[in-house]
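In: fold the following for me, if possible:
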Amino acid sequence: MPVGSSVPVNELEERSELEVVLRSGGFVRAPRLAQLLTYLCEKRFAGEAHLVKEYSIGVEVFNRGDGFDQDSDSIVRVEANRLRKRLAEYYAGEGAGRRIQITIPIGQYVPDFQRKADAPAPDVPTTPAALGTVKKGWRWIAAIVAGLLVLSAVIATVLFLRHPKANVPAEATKPANLPEEMRFGLPAGEEVRILCGATRSLVDHAGKLWSADTGFTGGAAVKSTVQHIWRTQDSAFYRTSRQGDFRYDLPLKPGIYELRLHFSETEYGPESTGTGGEGSRIMGVRANGKPLMTGFDVAADAGASRTADVKVFTDVSPSTDGQLHLEFSGEQGRQATLSAIEIVPGERGRIRPVRILPRQTPYYSNDSQWWSPDGFFEGGQLATYAAPVNGTDDPEMYEAERWGNFSYAIPVTPGKYAVTLHFAARHGDWPMSAGGGAGAAHVFNVFCNGKVLLSNFDLAREAKQSDVITRRAAGLEPNAQGKLLLAFVPVSGYATVSGIEVVPQ
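Out: Down below sits the predicted model:
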């Protein structure tokens, strides 16, 4: 942290320093951080520092909308911390010789411009006319920052598609046609999360609050003694359920929502008499009187009992009475069941992007994308590393991985999807339990619903220029159960992955 002196820093110097910082490599590669720094400094220059609050930043910089809830959405705090770190890195390296340094004090959002104690005050004009000239020039700088945001997106797309095309479907070279709000954040608005049959609320690994059971009519609350549920880190969510014939009437503001229904067969399984899970529970679901599912077999859809199963539905809206009416009924003499209801703001005709990092907590990447903690997986183990990887502006994103022989069953709606896989080579930093050590082999295949995405993928061989490797495949469609089933199968050593993105096309 630089030590200030009694020599004041005038606005001309401040604007000049900001211009230099924005042109540095660390900020050119992180346009969202550049945008945040520009916004904060402009507020300071305009004498509006008192208006800089977490809420205003979330709404005006990160497009969170008027309903932005900073208690449940930490994007401003996360990005502010990342900005502090990026400034510190700049002044410790490329900007070490700068006489003036910009800091964001802890617990505040208004930038502070400090002159090094041993740096003399420069002979610069401070008249209103001179400052006016600078302000006119600053409009060009603001335009440059905006241009950098667009240019970086184009460059990222080009670089993203320059990887070798072997073993990747031909359509992988087509960029996803995403609207801007899906590139830099999720739709904002009202969110509803209910644990069916539960008597108390819980917080999941993503930091999301799920309320106790509410809004129901009929059925019975059932609690299971099963301890482990596959394909989730939150087994406790699936130990309670509502069963029988029942309905939920949930008030919702007007809009388009994405509905996710969570199931798990915990009653019928390997130890039960008869044939086990499949065929033991068949049900139907209706929303506002219209069928969503019929003949739905929970265990068969999940692939096994005691396995988390999520069904996703788009274009859901409240009825004319301002409520969403969900009905669950058993079929063929069986009982319906439901573990949880999740309703989030959506976009017409497409699901929200799915981004997963194999870790215990969520993460905001440098491009302000929200990544959920690990989910939908089966098999493999987690590993984290202290040594950063090179070849990326966001090494923290790659500090963990899932390794072994494992799969991800990612729920989606009918349509086509682009899947991007993120890998990180460790160059001998693998744990011994993962076949680590110098020269350890990590050669594996990756399949999506049985289709080869990567064949004999040799991570060490692919990581000659950079530790970080991405592979993208487009035009992928879900299986009959509405899943993109990604299987990572070892050939030599173990398979690994550090991040998975699923984006609708």
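In: surely residue 28 is in contact with residue 20?
Out: No: counting by Cβ atoms under 8 Å, residue 28 stays clear of residue 20, with 12.0 Å between them. Using the backbone N, CA and C atoms, a C-beta is placed for each residue, glycine as well.
In: show me the shaky parts of the stretch 1-150 of the chain.
Out: 1-8, 72, 117-150 (pLDDT under 70).
In: how many neighbours does the closest residue to residue 397 other than its chain neighbours have?
Out: Leaving aside its chain neighbours, residue 397 sits nearest to residue 365 (5.4 Å; criterion: Cβ to Cβ, 6 or more residues apart in numbering). Neighbours of residue 365 under the rule other Cβ atoms under 10 Å: 19.
In: dump the residue contacts of residue 365.
Out: 371, 394, 397 (Cβ atoms under 8 Å, 6 or more residues apart in numbering).
In: out of those residues, who's the most crowded?
Out: Using other Cβ under 10 Å as the neighbour test, the contacts of residue 365 are led by residue 397, with 23 neighbours.
In: check the secondary structure at that one for me.
Out: Under DSSP: H, G, I helix; E, B strand; the rest coil, residue 397 falls in the helix class.
In: and it, what does it touch?
Out: 357, 363, 365-366, 371, 422, 498-499.
In: farthest pair within those?
Out: Distance extremes for those: the farthest pair is 366 and 498 at 14.9 Å, using Cβ to Cβ.
In: show me which of those two is the more surrounded one.
Out: The neighbour count for residue 366 versus residue 498, taken as other Cβ under 10 Å, is higher for residue 498 (24 against 20).
In: how about the helices of this structure, start to end?
Out: Taking DSSP state H as the criterion, the chain carries its helices at 11-22, 25-28, 31-45, 54-60, 75-92, 128-160, 180-183, 298-302, 459-462.
In: tally of neighbours for the closest residue to residue 187 other than its chain neighbours?
Out: Distances taken as Cβ to Cβ, 6+ apart place residue 345 nearest to residue 187, at 3.9 Å, with adjacent residues excluded. Number of residues near residue 345 (other Cβ under 10 Å) recorded here: 18.
In: repeat for the one 5 residues further on
Out: Look at residue 350: counted by other Cβ under 10 Å, it has 20 neighbours.
In: and for residue 285?
Out: So residue 285, with other Cβ under 10 Å, has 19 neighbours.
In: how many other residues sit next to residue 223?
Out: 12.
In: list the residues that contact it.
Out: Going by Cβ under 8 Å, 6+ apart, residue 223 touches 197, 239-240.
In: thought residue 498 was touching residue 423?
Out: Yes: assessed by Cβ under 8 Å, residue 498 is found in contact with residue 423 at 5.8 Å.
In: what residue ranges in the chain score low on pLDDT?
Out: Along the chain, the model assigns pLDDT under 70 to residues 1-8, 72, 117-186, 188, 270-276, 427-440.
In: can you tell me the centre-most residue of it?
Out: residue 371 (2.0 Å; Cα atoms, centre = their mean).
In: that residue contacts residue 356, correct?
Out: Yes: the criterion here is Cβ under 8 Å, and residue 371 meets it with residue 356 at 6.7 Å.
In: what sits in contact with each of those two?
Out: Residues within reach of residue 371 and of residue 356 at once, by Cβ under 8 Å, 6+ apart, are residue 499.
In: measure the residue lying closest to residue 258 once chain neighbours are set aside to residue 89 for me?
Out: Leaving aside its sequence neighbours, residue 258 sits nearest to residue 346 (Cβ to Cβ, 6+ apart; 3.5 Å). Noted for residue 346: a distance of 37 Å to residue 89, by Cβ to Cβ, to the nearest Å.
In: which one of the two has more residues nearby?
Out: Set residue 346 next to residue 89 and count neighbours by other Cβ under 10 Å: residue 346 wins out with 23 against 13.
In: how about the more buried one, what does it touch?
Out: Counted by Cβ under 8 Å, 6+ apart, residue 346 has contacts 187, 256-258, 314-316, 352.
In: neighbours of the closest residue to residue 422 other than its chain neighbours, just the number please.
Out: Spatially, and ignoring its direct neighbours in sequence, residue 422 is nearest to residue 499 (3.4 Å; Cβ to Cβ, 6+ apart). For residue 499, the count of nearby residues is 24 (other Cβ under 10 Å).
In: what of residue 352?
Out: Around residue 352 there are 20 residues (other Cβ under 10 Å).
In: any idea how many residues pack against the closest residue to residue 449 other than its chain neighbours?
Out: Spatial nearest neighbour of residue 449, excluding adjacent residues (Cβ to Cβ, 6+ apart): residue 479 at 4.7 Å. By other Cβ under 10 Å, the residues close to residue 479 number 13.
In: how about residue 295?
Out: 10.
In: pretty sure it contacts residue 279?
Out: No: look at residue 295 against residue 279 with Cβ under 8 Å: they stay out of range, at 11.1 Å.
In: can you pull the contacts of residue 189?
Out: Counted by Cβ under 8 Å, 6+ apart, residue 189 has contacts 65, 67, 253, 255, 344-345.
In: 10 Å - rerun?
Out: Residues near residue 189 by Cβ atoms under 10 Å, 6 or more residues apart in numbering: 64-68, 252-253, 255-257, 343-346.
In: now residue 398
Out: Contacts of residue 398 (Cβ under 10 Å, 6+ apart): 357, 385, 388-389, 391-392, 422-426, 467-468, 498-499.
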